[in-house]
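J.: My questions are about this predicted structure, shown below with the sequence.
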Amino acid sequence: MTETYRPLTWPLFLELIRLPAKAASLLPFLFGIFYAYFAFGQFNWINTLVYFVGQMSIALFVTGFNNVQDFYKAKDIKYRDTQNIIGREHLSPRRTLALMLFFLVLACTMGVILVWRTNLSLLFIGGAAVFVAIFYTAGPVPLSRMPTGEFLAGMCEGFGTILIAVFVNMAPQPVMLQLSGSHFSFNGDLAVILQLLLVALPIVILDGTVMFADNICDLDQDKKNQRYTLPYYLSKRTALKIYPWCPVAAFAFLIVGVLLGFLPPLMLAVLLLIPVVWRNTKTFLAKQSKAETFITAIQTLLTVAFAQVLVLVAIDLMRWLAQ
């Protein structure tokens, strides 16, 4: 007897890909685009548009693919049938997987176009990001079942997105790999790469903090599904002691970026958001609930990252009008 599945309606699709989390992918992209113009005075609209399609496609793939993998790998049948969206809404896992693979192919296609328009080093930079995207929940030992999720989320979604956004707008690029016959040459501007890492750290830390909050909320459920994340190894008590220091570190690196001249002095205005961030942090510390308080971690990331982007937009606009 053929099993009947519900169609993937638009509201279910938005829940499947966790729409609020997609803004977490968009803001690092925007930060990188506007920072490239602020710091290096360069903007390539074609590369930016191609990368936007690729970045959003891989972001959609990651979340949807994770839901499919969680459905298949779930050890707790109750979780699979009542909490995972595919089981709860009786969606076809095969059709959902096919849709996510379409987004993956689209992202890789955009990546190949960008490699052709820039240089071969992007193939390895983007390839590393795609590797993490696939094997975060796939494979015999998924990365999500290890205490590395926070680091990988921050570095890939935060630093990786910003690095590539700047990379595709610069000429020459900060990393170059060129082939000539049987010879190749590789060189990079370490100063620029370290500069980009430093200015990206506030977003990197807050992006990782979202994953940290997610894993804290899911700790009991993860134990049942044999997912041993960072809070499992730290213990929930220790994880909650570390949690409030994450936004502190993010603001500290923002200040360092300004003091070193990598970020504009106006970026210090973002510090006015400290009361908002602290209120979100206290709310989460009081109760760790995926349904009720996890959103505060996302709100903190979106609020701070949006403010940073807004500052860069204002400065870039003033510079452009002054030309």
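T.: Yep, it's here.
J.: Relative to Phe284, how far out is Glu292?
T.: 10 Å (Cβ to Cβ, to the nearest Å). Bear in mind the C-beta positions are built from the backbone N, C-alpha and C, glycine included.
J.: Then Phe103?
T.: For Phe103 relative to Phe284 (Cβ to Cβ), the value is 31 Å.
J.: what about the two, which has more around it?
T.: Between Phe103 and Phe284, Phe284 has the larger neighbour count (other Cβ atoms under 10 Å), namely 24 against 21.
J.: So that one is in contact with Ala213, correct?
T.: Yes - counting by Cβ atoms under 8 Å, Phe284 touches Ala213, with 6.2 Å between them.
J.: what about the closest residue to Lys236 other than its chain neighbours, how many residues close to it?
T.: Leaving aside its chain neighbours, Lys236 sits nearest to Leu219 (5.7 Å; criterion: Cβ to Cβ, 6 or more residues apart in numbering). Using other Cβ under 10 Å, Leu219 has 18 neighbouring residues.
J.: Before we move on, what's the pLDDT of Leu219?
T.: pLDDT for Leu219: 88.
J.: Next up, the contacts around it.
T.: For Leu219, the contacting residues are 229, 231-232, 236, by Cβ atoms under 8 Å, 6 or more residues apart in numbering.
J.: Can you add pLDDT and secondary structure and give the residues you listed back as CSV?
T.: As requested, these are exported to CSV (pLDDT from 0 to 100; DSSP: H, G, I helix; E, B strand; the rest coil):
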residue, pLDDT, secondary structure
Thr229, 89, coil
Pro231, 91, helix
Tyr232, 90, helix
Lys236, 92, helix
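J.: Make a ChimeraX selection of the buried ones in the residues you listed.
T.: Of the contacts of Leu219, the buried ones can be selected in ChimeraX as follows, counting by 16 or more other Cβ atoms under 10 Å:
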select :229,231,232
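J.: Looks to me like Ser185 is in a strand.
T.: Yes - per DSSP: H, G, I helix; E, B strand; the rest coil, Ser185 lies within a strand segment.
J.: host element of the residue nearest to it when sequence neighbours are not counted?
T.: Once flanking residues are discounted, Ser185 sits nearest to Gln178: 5.1 Å by Cβ to Cβ, 6+ apart. Using DSSP states H and E, Gln178 falls within strand 175-180.
J.: what does that strand contact?
T.: Counting by Cβ under 8 Å, 6+ apart, 119-125, 167, 184-189, 193 sit against strand 175-180.
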